[in-house]
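>>> 3D, please:
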Amino acid sequence: MSVSVLSKTRARPWPLVTAAAVCLLSLAAFWVAQRLAHVNMLDVMVYRAEGETVRAGGDLYAMRATSANLGMTYPPFAALLFVPLTLVGVPLMRTLTTGGNLLLVVALVQLSVRLVRPSLSRADLWRATFWIAAVVVWCEPVWTTLRYGQINLLIAVAVLWDLTRRAGSRWAGLGIGLATAVKLTPGLFVVLLLVAGLLLWRRDRSWNQWLRTAATATGVFLGTTLAVVVALPADSKKFWTETLFETGRVGFAEETANQSIRGVLARLMHTDDPGMWWAVTAALMGGVAMVVAVRAALRGDKAVAVVVCAFTALMISPISWSHHWVWCVPLLILLADRATRAWRVAGPVALVFASFALWWVPHDPGRPELDQNAGQMLLSAVYPLTTTALLVGYVLTRRRLRGTGAGHGTDTGRTDGTGATAAEPLLGAVPEQERPAVVEQGRPGDRGRPAAREPQAVAKE
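Sure thing, here's the model as predicted:
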């Protein structure tokens, strides 16, 4: 019988200062390693060019920057956020970008731990955060995010900041709304919030937290987008009527770095456009995955719902570069905490994201991905294959638990006081032991909740 990694953190409490020192040493070593690797931070240079174009009043979507001749692909609101990058010199901008992203790694880990174990004490939370951050900073998506100076960590932190707010928080939804205004893929979280919220509303006709967060996120997105339409009318019109539909503008679908379903199919079919095969596959897989996410939300298992939704967005997006997969951080924390034998599940998955395996295959401007053999195809599809296997394993585990009765309110192991069990199947056990989601005390339709437990039910989170 195994005990989760987060439980071990409490059982053998290393001094907080030791954990912080190890984390700081690891981050410093990471920074030095990136400097020695001569990373080009290409994307942050494009962001800077976008900010300069806004200041000069130029055409954002006609702009090209860097030796790679890269153009803008985000909504125009992002360019406004990048204007401050133009106020400092390039060397300082690179330093601030790297330092800021390393701080965001720590923030992402802390929010992920809070998502998985909301009842941890402050000291245990920070101790776990420092130890985990010292390790996950070396995984490929994080390394590549800092290599290019990307904003993926900021997007993930904004989303998780919303989804780990205390019950009743009026700010919940702000982060998702702004993240969607910068980059459209976080909008899938609004879909999750809305569907789960509406299904809960049908149960008790109460205005629950999920609906409140969805409404706030939608309002922030629409308000921000409309404000940018006023500020940048020509750029806004061009993006929402033309650029949005130019999927080839982002890059070639078959590139190894593209870890979406579309990328996998393009390499499998030896074509740069898998056409309807991608649309149908993405619709089917995305629909099934979102059903899984919503059902997890209705059971009160927010951690599974959020992680499944995040990876659904990555899988169905036309282009999901490997550095977009920083969502592997909450996934690994969830696996380490929930798996019956964490080393058998979280270990191999961690190895996948730390191995840089997708870069072992030929990848250069000559587009060799169009001629991959079977082994190369497997390596270049390592992220989608891993998450698909985990999703299938989760669904099968849920079905087995329902068949044995463990999925309908019986214990699957000894609890440790956080609502999760000490010995749990792969993502299978639910913190609230499968009880229907409840609403806040004192509201119509209140079904009550255990007084001594952290509020993990959907309507309370």
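
>>> Met377: what's it in contact with?
With C-beta atoms under 8 Å, 6 or more residues apart in numbering as the criterion, the residues that contact Met377 are 264, 267-268. To be clear about C-beta, it is placed using only N, CA and C from the backbone, and glycine gets the same treatment.

>>> where does the stretch 1-150 of the chain dip in pLDDT?
Low-confidence segments of the stretch 1-150 of the chain, defined by pLDDT under 70, span residues 1-14.

>>> quick revisit: let me know the closest of the contacts of Met377 to Gly168.
When the contacts of Met377 are compared for distance to Gly168 (C-beta to C-beta), Val264 wins out at 41.9 Å.

>>> who are the neighbours in contact with the residue lying closest to that closest one once chain neighbours are set aside?
Leaving out its chain neighbours, the residue that sits closest to Val264 by C-beta to C-beta, 6 or more residues apart in numbering is Ala381, at 4.5 Å. For Ala381, the set of contacting residues under the criterion of C-beta under 8 Å, 6+ apart consists of 259, 263-264, 267.

>>> Just the buried residues out of the contacts of Met377, in ChimeraX syntax.
Here is the ChimeraX command that selects the buried residues among the contacts of Met377 (16 or more other C-beta atoms under 10 Å):
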select :264,267,268
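
>>> residue closest to the middle of the protein?
The geometric centre of the chain, computed from its C-alpha atoms, lies nearest to Trp327 (C-alpha atoms, centre = their mean), at 3.4 Å.

>>> For burial, what's the neighbour tally of the residue nearest to that residue when sequence neighbours are not counted?
Distances taken as C-beta to C-beta, 6+ apart put Ala310 closest to Trp327, at 4.2 Å, once the chain neighbours are dropped. A total of 27 residues lie near Ala310 under the criterion other C-beta atoms under 10 Å.

>>> returning to what we had before: can you tell me which of the contacts of Ala381 comes closest to Val250?
So of the contacts of Ala381, ranked by how close each gets to Val250 (C-beta to C-beta), first place is Gly263, at 11.1 Å.

>>> Relative to Thr388, how far out is Gln372?
The span separating Gln372 from Thr388 equals 19 Å under the rule C-beta to C-beta, to the nearest Å.

>>> Between these two, which is the more surrounded one?
Neighbours were tallied for Gln372 and for Thr388 using other C-beta under 10 Å; the higher tally belongs to Gln372 (21 against 17).

>>> low pLDDT regions in the stretch 301-450 of the chain?
Applying pLDDT under 70 to the stretch 301-450 of the chain picks out residues 340-342, 405-450.

>>> all helices of it, in order?
Remark: helices of the stretch 301-450 of the chain, listed N- to C-terminal, are 302-316, 328-338, 342-354, 374-380, 382-404; assignment by DSSP state H, counting those that start in this stretch.

>>> In TSV, list the ones you listed along with distance to Tyr74.
Listed next are the helices of the stretch 301-450 of the chain as TSV, based on distance: least, C-beta to C-beta, whole Å:
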stretch	distance to Tyr74
helix 302-316	15
helix 328-338	22
helix 342-354	25
helix 374-380	25
helix 382-404	22
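
>>> Ile155: which of these is closest?
Distances from Ile155 to each of the helices of the stretch 301-450 of the chain were compared using C-beta to C-beta; the minimum, 10.2 Å, belongs to helix 302-316.

>>> how far does that closest one sit from the chain's center?
When distances are taken as C-alpha atoms, centre = their mean, to the nearest Å, helix 302-316 is centred 7 Å away from the chain's centroid.

>>> what do you get for stretch 309-319?
Taking C-alpha atoms, centre = their mean, the mean C-alpha location of stretch 309-319 is offset from the chain mean by 10 Å.

>>> Please list the outside residues in contact with that stretch.
Contacts of stretch 309-319 (C-beta under 8 Å, 6+ apart): 156, 159, 185-186, 188-189, 192, 247, 250-251, 253, 258-263, 278, 282-283, 285-286, 289-290, 293, 320, 324-325, 327, 330-331, 383-384, 387-388, 391.

>>> and those, which are buried?
Among the contacts of stretch 309-319, those classed as buried by 16+ other C-beta under 10 Å are 156, 159, 185-186, 188-189, 192, 250-251, 253, 258-263, 278, 282, 285-286, 289-290, 293, 320, 324-325, 327, 330-331, 383-384, 387-388, 391.

>>> now the biggest helix by length in the chain against helix 302-316, angle please.
Using DSSP state H to assign secondary structure, the helix with the most residues in the chain is helix 90-116. Regarding helix 90-116 and helix 302-316, their directions subtend 130 degrees when assessed with axes from the mean of the first three to the mean of the last three C-alpha atoms, to 10 degrees.

>>> Buried residues of helix 90-116, list them for me.
93-94, 97-98, 101-102, 104-116.

>>> just checking, what packs against that helix?
Using 3 or more C-beta pairs under 8 Å, 6 or more residues apart in numbering; DSSP states H and E as the contact definition, the elements that helix 90-116 packs against are helix 16-36, helix 42-56, helix 122-136, helix 140-148, helix 152-163, helix 302-316, helix 328-338.

>>> Only the C-alpha atoms, please, for the third one, written as CSV.
Extracted as CSV, the C-alpha positions of helix 122-136 are listed here (Å, rounded to 0.1, in the frame of the first residue of the first chain):
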residue,chain,number,x,y,z
ARG,A,122,0.5,26.7,4.6
ALA,A,123,3.8,25.2,5.7
ASP,A,124,3.1,21.8,4.1
LEU,A,125,1.9,23.6,0.9
TRP,A,126,5.1,25.6,0.6
ARG,A,127,7.3,22.7,1.5
ALA,A,128,5.7,20.5,-1.2
THR,A,129,5.9,23.4,-3.7
PHE,A,130,9.6,23.9,-3.3
TRP,A,131,10.5,20.2,-3.6
ILE,A,132,8.3,19.7,-6.6
ALA,A,133,9.3,22.9,-8.4
ALA,A,134,13.0,21.9,-8.0
VAL,A,135,12.2,18.8,-10.1
VAL,A,136,9.5,19.8,-12.7
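
>>> in that helix, what counts as buried?
Of the residues in helix 122-136, 124-134, 136 count as buried by neighbour count, 16+ other C-beta under 10 Å.

>>> can you state the direction angle for that helix and helix 342-354?
Between helix 122-136 and helix 342-354, the angle comes out at 50 degrees (the same axes, to 10 degrees).
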